[in-house]
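Student: Quick one, structure for this:
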Amino acid sequence: MAATKKLSSLFPLLSLICFISFFLLLSISRKASISSSTTHPQFLRFKPIDANPTTRSDPSATGDSSCDYSDGSWVYDPNAGFDRYDSSCKEIFKGWNCILNNKSNGRDIIKWRWKPRNCDLPPFDPLQFLHTYRDTNIGFIGDSLNRNMFVSLFCTLKRVSNDVKKWRPAGADRGFTFLHYNLTIAYHRTNLLARYGRWSANGNGGKLEALGYKEGYRVDVDVPESTWEKAPSFHDILIFNTGHWWWAPSKFDPVKSPMLFFEKGLPVIPPIPPDLGLDKVLNHMIRFVEKTMRPDAIKLFRTQSPRHFEGGDWDQGGSCQRLQPLLPEQVEDLFSLKNNGTNVETRLVNQHIYNALKGSNIHILDITRMSEFRADAHPSTAGGKKHDDCMHWISLEFKSFESSRIQKSRQASMIRIRGRSQCHKSCCILPACHVVQPYLFPLPVWAVAGFL
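Tutor: Here you go, the predicted model:
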């Protein structure tokens, strides 16, 4: 029982990627590296994905071109795997609890740690995080993959602070305030970011009816879903995601129940396909966030979390039975745009995200490159579904990465949350920086960690 609890600290790795940025600054002096052998797959490097590196890595926005936390390799470390949280954390979704569900490689998954190419990534310290983000509100806005990240962060923090109030701030699906620190984290569920719902043809006719449409889903590209429309005015830090539902014929059948886009209350004529609808939604939602959120707030848009289905999609017998991270050539086989395979959604969605964010003040949180290798870290058959779950994650090392990315975003814009006008040494962004300079959050690593 004790061993089971100890290991279930792996679960939603996705939740750890954003916060690691801030962390890195504080712990820059603490450098821990593990020697690697070129003859053993302990040291896995990968090439950048097919995207504009300036928009993906965004080094200019961070003011630090020497270290891209999203560029690195997974290093096998037999001593890795500190306790994050155990199965007693009630927020852990049953299907993500891979250790409790006896996933065969569950004990080995956390033995891999992320090593950026040109710097070190300090481990996530939950107590330090609580001190650093005192009097701060952090919101995750998106689909179940962002919930993956949220759960990982919450359970990690709760391990060191039990004085917690559960509530639903600003329309959130779920949220918690760590009372001793006045730190609130919340998850706002939204699949498309924009408002959507069932649509049926009007008996009196209309433009869509004239084209033969009888039913589908109405998507108002310029209206945020009510679950998060108040979030920008409440939170100090927001992490967005969308993408998985846009390429989901099982949810939006292009023939039986297509996505029908509306703008300013009127149908977009001629009707447009989902990819163009996504562009419209992203552009409108970015403008909405920039207009309603304080200029000094931290805004991050997480890149796509990769699926790892092999042998078909989820409803075609696809599975994810890998026991170790992929090699670079295997990554390209699965995700290359040229191959146009089952998992191509990942890089397709990222292209739309990169283009939409150009010229905005929202920073990119790139978890794609590091997580494409972790085909071994999904619930798979241990998810308790009729099919393999090759989309969600058990807990990995993304917390630290996320923290680092957030910290870098802070430095770039010299953000001062809640009116702090003086910087303490190198920390200028969140309250209580003098207590813990290094941790922004565990989101970056976290985001990745939320995965694993």
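Student: Give the residue spans of this protein that score low on pLDDT.
Tutor: Residues of the chain meeting the criterion pLDDT under 70: 1-66, 80-88, 91, 93-107, 381-386, 394-452.
Student: Select the longest helix from it.
Tutor: Of all segments of type helix in the chain, defined using DSSP state H, the longest is helix 274-292.
Student: Hey, what's the angle from the helix or strand following that helix to helix 274-292? Just curious.
Tutor: Downstream of helix 274-292, the first helix or strand assigned by DSSP states H and E is strand 298-302. Per axes from the mean of the first three to the mean of the last three C-alpha atoms, to 10 degrees, the angle that strand 298-302 makes with helix 274-292 is 170 degrees.
Student: Paired strands for strand 298-302, with orientation please.
Tutor: Strand pairing for strand 298-302, determined by DSSP bridges: strand 237-240 (parallel), strand 363-365 (parallel).
Student: does residue 325 count as helix, strand or coil?
Tutor: Counting by DSSP: H, G, I helix; E, B strand; the rest coil, the backbone at residue 325 sits in coil.
Student: Check the gap between the residue lying closest to it once chain neighbours are set aside and residue 322 for me.
Tutor: Using C-beta to C-beta, 6 or more residues apart in numbering and skipping the chain neighbours, the partner closest in space to residue 325 is residue 373 (4.3 Å). Where you see a C-beta, it was placed from the backbone N, CA and C, and this is true even at glycine. Using C-beta to C-beta, to the nearest Å, residue 373 is found at 10 Å from residue 322.
Student: quick one, which of these two is more surrounded?
Tutor: residue 373 (25 against 19; other C-beta atoms under 10 Å).
Student: Verify the stated contact: that one with residue 331.
Tutor: Yes. Counting by C-beta atoms under 8 Å, residue 373 touches residue 331, with 6.0 Å between them.
Student: give the contact list for residue 199.
Tutor: By C-beta atoms under 8 Å, 6 or more residues apart in numbering, the contact list for residue 199 reads 208, 215-218, 260.
Student: With respect to residue 90, which of these is nearest?
Tutor: Nearest to residue 90 among those is residue 217, at 32.8 Å by C-beta to C-beta.
Student: Check the spacing between that closest one and residue 249 real quick.
Tutor: Residue 217 sits at a distance of 12 Å from residue 249 (criterion: C-beta to C-beta).
Student: cool, residue 128 as well?
Tutor: 44 Å.
Student: just residue 372 next, same as before
Tutor: Counting by C-beta to C-beta, the gap from residue 372 to residue 249 is 23 Å.
Student: who has more neighbours, those two?
Tutor: Comparing residue 372 with residue 249 by other C-beta under 10 Å, the one with more neighbours is residue 372, at 25 against 14.
Student: Tell me if I'm right that residue 201 and residue 214 touch.
Tutor: Yes. With contact defined as C-beta under 8 Å, residue 201 reaches residue 214; the gap is 4.8 Å.
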